[in-house]
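sequence first, predicted model second:
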Amino acid sequence: QVQLVESGGGLVQAGGSLRLSCVASGGTVGSTAMGWFRQAPGKEREFVAAISGGRKYYTDSVKGRFTISRDGAKNTIYLQMNSLKPEDTAVYLCVGSPYYSLIMYYFESQWTYWGQGTQVTVSS
């Protein structure tokens, strides 16, 4: 069973940057689909970014500010977050799949593995 563990969250001022990491253990996810969702207080969980089928996808609100990347040798994915805004405040969850490509990557139900999440708080 693949386990995902996130790190890198914290408190940052608006305009600042953070890099989240997600390490996978218990299986290899070197080339399979992986991504990030987030959930803000009182709001539904939403898709943030994913690597699927060798391509990268982002929700509109983070395009140009966030970058997802993978280090297959380390079984790790990253989410570099720049120009952070207060509305980016949320728990960020890493997700993984046993498949190389997910067509509907933006749906929670498509993802098999979930991490516990890491808190990101952006102050104004």
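Nice, I can see it. Numbers count the residues shown, from 1 in each chain.

mind checking how far the residue nearest the centre of the chain is from residue 11?
Taking Cα atoms, centre = their mean as the criterion, residue 36 is the residue nearest the geometric centre of the chain, at 2.2 Å. Going from residue 36 to residue 11 by Cβ to Cβ, to the nearest Å gives 19 Å. Placement of C-beta: from N, CA and C, glycine included.

any chance you could map the strands in this protein?
According to DSSP state E, the chain carries its strands in the segments 3-7, 10-13, 18-25, 34-39, 46-52, 55-58, 66-71, 76-81, 90-96, 113-114, 118-123.

what sits against the closest residue to the residue nearest to the centre of the chain other than its chain neighbours?
Nearest non-adjacent residue to residue 36, counting by Cβ to Cβ, 6 or more residues apart in numbering: residue 48, 4.3 Å away. By Cβ atoms under 8 Å, 6 or more residues apart in numbering, residue 48 lies in contact with 35-38, 58-59, 62, 66, 79, 92.

next, count neighbours for residue 31.
12 (other Cβ atoms under 10 Å).

just send the strands of the chain back as TSV, with distance to residue 103 and mean pLDDT too.
Below are the strands of the chain laid out as TSV (distance: least, Cβ to Cβ, whole Å; pLDDT from 0 to 100):
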stretch	distance to residue 103	mean pLDDT
strand 3-7	21	96
strand 10-13	34	98
strand 18-25	22	96
strand 34-39	13	97
strand 46-52	8	97
strand 55-58	11	97
strand 66-71	18	96
strand 76-81	19	96
strand 90-96	15	97
strand 113-114	18	96
strand 118-123	27	98
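
quick check: which of the ones you listed is nearest to residue 106?
Nearest of those to residue 106, taken as Cβ to Cβ: strand 46-52 at 4.1 Å.

that closest one pairs with which strands, and in what direction?
Counting by DSSP bridges, the strands paired with strand 46-52 are strand 34-39 (antiparallel), strand 55-58 (antiparallel).

list the buried ones in that strand?
47-52 (16 or more other Cβ atoms under 10 Å).

picking up where we left off before, surely the residue nearest to the centre of the chain touches residue 94?
Yes - taking contacts as Cβ atoms under 8 Å, residue 36 lies within contact range of residue 94: 6.1 Å.
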